[in-house]
Structure formats: structure tokens, C-alpha cells
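> sequence plus predicted model, see below.
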Amino acid sequence: MHIIETKNLTKKFEKMTAVDNLNLQINEGEIFGLLGPNGAGKTTTLLMLVTLKPPTSGTATINGFDIVKQADKVRKSIGIVFQDPSSDEILTGYENLKLHGWLYDMPNDLLEDRIKEVLELVELTDRKNDRMKKYSGGMRRRLELARGLMHHPKILFLDEPTLGLDPQSREHIWKYIENLAKEKNMTIIITTHYMDEADKLCDRLAIIDKGKIVVLGSPTQLKKDLGGDIIRLKAKTLDIDVLKNLPYVKNISPCDGEVCLTLEDASTHLQEILKLVGKIDSVEIRSPTLDDVFLHYTGRAMLEGSPEGSWAEKMMNASEKT
């Protein structure tokens, strides 16, 4: 049985269809990424999965529970770490965790053991009595992660888990996420604007655009499926028509004022390409990245940051458009 499964999951807002007959299966213990341009429908999908928005039609099960008929059981099965910190800055790290445990009605003896366990997991034991306002950005993210794990969730939703963190803090968070999936067999759903993060962490990922899944697979397979190497050309004038009928050119797309070609065996065909296009200012050859995959399937580049607004903001408006 899949730990998350959607069947024709749909959400409409008046005349707009935000999520369009989404069918998705996620396995237990999998790190799964949801990527998409702003307005693609991924946030609405997540809000339905965590029971904050009801679907217009279709259904989904989380840990075997229906997101509409068994919403309380779904919520007990999941943990959520929002993009924006939602812990109380006036309280200490320990007090924030204890408050969260009380909200889940955890027995006091179990609560104390669990606080100790999660603080050790995120390496904040020696700072547990400091108020959160004294924590660095990386420490706050680690405390948020610890709080989301307090009630032993089967599934953890992470919204932009490392947004705005320095490289060292990002590496720490990545390590915790990988260990949770491996050692606890926890299923983890990630939204991220960082392609290197998705490439590093995700066993599989889905790119959503206009409310539909446009491609799904492992990062390695998705890059392989592009069909070759990437050549990036820059020139004042560039006649790409001469390249369109070449059998080894698989794709031609604009790249920020330049042109990107996907082709088989670039090292063999590069000289011929350069002769055909004439004078160029610069040329770059490389293997495909997830950025190339994203651009290929959506026609747009993934922007760093989240102009759509955070989950916390979406929660505030969750009841306004149901």
C-alpha cells in the first residue's frame, strides 16, 4: 500500500482550476519532491494533503486515512515544518517543544523523553534553555524540525526547509532529512526552489505545472531522459533554423538571452554546430541538470525564493476560498 495516494484530486476556485485530476502514489520511507513554477498548484496540493483545504472532487489517503472523512487521524500521522518559523520567540527551545507536546496531548513522562531525544537529534541540547530569539537561522530551522518530529509522525512535510540558510546550515539540515528517511523509515515530502537540494535529497520528484504533473521520476532518470549534453551558445545574431533538422539535436530552447541545445554526444558534434551557426561570443558544454529538466518541461526557470507566499500565509487564508 502506498502511504500517500491521490485519485483524481481536484481543487477549483470559481473559474480557475488550481489542481487538475492529480493522481500520485508515494511510497513509505521515500523522500519525494514537489516542484513547480509559482501558481502551478503545488501549494494547493499540499494544503489538501495536510487537511487545510478540502478538495473540490477526487480524494487522497494519508497513511491509509481519507483526508476528508478521517482528517483528525491524518493530522496525527503527519508533521509539518513551515517555511516561516512558527515557534514562539519568547519561549526557550525546550518550552516550545513542550508546548507542542501538550497540543498533541502527550503524557508527561513520554513528553520529557521525546524532548530529550529530538534535541539530541538536531544537536540543540546545550541551547535548550535559551530563548528562541537568540537562535541563529540554522538553529531555528533545526528546532522547527525537532518540533515537527515530537509526536512520531509517519509522514513529514517540509516547506522550503533550507530557504535563506548558509551552506553549512543547509548541509546539516540535509543530513537530518536523509537520516530520518533511512533510520526511521519516515516518508518526507519536500517543496523547494533549490534544484541542488532536490537533486541531493529526493528519491523521486514530480514537476507540477498548470495543476497537472508534467513529469515524474528520479533526478538521475529525469536528467538522463533529456537525451544528451547541453551546449549553451551566445552570439549577437544566431540563426537557429539551421540546427532544427539535425538528427542529433534533441531540443532547442532560449536561456536568458542565449540558446541552449540538447544533443547526443556533444564532443563529437560540437565542431559542426559551431561551423553552422557562425561567429559566436561564447560556448559552454555540460551535462544536464535539474534546472534544465525544469526548463524543458515548464518553459520557465525555477526562481529562488518563494514569491507565492509561505504555507503560514496560505493557512491564514485557507478558509476563505473553500
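Perfect, thanks for sending it.

> tell me the domain ranges of this structure?
The chain resolves into domains spanning 4-221+303-316, 227-287 when parsed by automatic domain parsing.

> nearest to residue 297, out of these?
The minimum distance between residue 297 and the domains of the chain falls on domain 4-221+303-316, with 4.7 Å, by Cβ to Cβ. For the C-beta atoms, the positions are set from N, CA and C on the backbone; glycine is no exception.

> could you pull up the mean pLDDT of the closest one?
Taken as a whole, domain 4-221+303-316 has an average pLDDT of 89.

> that one: how far from the chain's middle?
Counting by Cα atoms, centre = their mean, to the nearest Å, domain 4-221+303-316 is centred 9 Å from the centre of its parent chain.

> would you mark the buried spots in whatever helix or strand residue 109 lives in?
Secondary-structure element containing residue 109, defined by DSSP states H and E: helix 108-121. Using 16 or more other Cβ atoms under 10 Å as the burial criterion, the residues of helix 108-121 that qualify are 111, 114-115, 118-119, 121.

> give me the residues contacting it.
If you take Cβ atoms under 8 Å, 6 or more residues apart in numbering as the criterion, helix 108-121 is touched by 93-94, 97-98, 101-102, 106, 125, 128, 146-147, 149-152, 176.

> hmm, back to that, tell me which of the domains of the chain sits nearest to residue 296.
Between residue 296 and the domains of the chain, the tightest spacing by Cβ to Cβ is seen for domain 227-287, at 6.4 Å.

> what is the end-to-end distance of stretch 80-92?
Distance across stretch 80-92, first residue to last, is 20 Å (Cα to Cα, to the nearest Å).

> mind listing the helices for the stretch 201-322 of the chain?
Counting by DSSP state H, counting those that start in this stretch, the stretch 201-322 of the chain has these helices, from start to end: 219-224, 266-277, 290-298, 311-316.

> circling back to that earlier point, select only the buried ones of the contacts of helix 108-121 in ChimeraX?
Applying 16+ other Cβ under 10 Å to these leaves a buried subset, and the ChimeraX line that selects it is:
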select :93,94,97,98,101,106,128,146,147,149,150,151,152,176
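
> how far away is residue 120 from residue 264?
Taken as Cβ to Cβ, to the nearest Å, the spacing of residue 120 relative to residue 264 amounts to 51 Å.

> please disregard the earlier target; I meant residue 17.
When distances are taken as Cβ to Cβ, residue 17 and residue 264 turn out to be 38 Å apart.

> okay, those two: which has more neighbours?
Higher neighbour count among residue 17 and residue 264: residue 17, with 17 against 13, using other Cβ atoms under 10 Å.

> residue 57 is in contact with the more buried one, correct?
No: applying Cβ atoms under 8 Å, one finds residue 17 not in contact with residue 57, separated by 10.5 Å.

> any chance of a markdown table for the domains of the chain, columns distance to residue 295?
A markdown table is the format used below for the domains of the chain (distance: least, Cβ to Cβ, whole Å):
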| stretch | distance to residue 295 |
| --- | --- |
| domain 4-221+303-316 | 10 |
| domain 227-287 | 6 |
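
> now the strands for this structure?
Defined through DSSP state E, the strands belonging to the chain, from first to last, are 4-13, 16-26, 31-35, 57-62, 65-66, 78-81, 155-159, 187-191, 204-209, 212-217, 229-234, 249-255, 258-263, 282-286.

> so which of the domains of the chain gets nearest residue 294?
The stretch from the domains of the chain with the least distance to residue 294 (Cβ to Cβ) is domain 4-221+303-316; that distance is 6.3 Å.

> just to revisit the earlier point, out of the buried residues of helix 108-121, which one sits closest to residue 82?
Residue 82 lies nearest to residue 118 out of the buried residues of helix 108-121, by Cβ to Cβ, at 17.1 Å.

> return the residues in contact with the residue nearest the centre of the chain.
Taking Cα atoms, centre = their mean, the centroid of the chain lies closest to residue 191, which sits 1.9 Å from it. Contact criterion Cβ under 8 Å, 6+ apart gives 33-35, 42-43, 46, 158-160 as the residues in contact with residue 191.

> let's see that with 10 Å instead.
Taking Cβ atoms under 10 Å, 6 or more residues apart in numbering as the criterion, residue 191 is in contact with 33-36, 42-43, 45-46, 83, 157-161, 163, 198, 306, 308, 311.

> who's it bridged to?
residue 34, residue 159 (DSSP bridges).

> distance check, it against residue 214.
For residue 191, the distance to residue 214 under the criterion Cβ to Cβ works out to 16 Å.

> next: residue 246.
The value you get for residue 246 to residue 214, if Cβ to Cβ is used, is 26 Å.

> same question, residue 185
In terms of Cβ to Cβ, residue 185 sits 30 Å off from residue 214.

> looking at those two, which is more packed in?
Relative neighbour count places residue 214 above the other of residue 185 and residue 214, with 15 against 12, counting by other Cβ under 10 Å.
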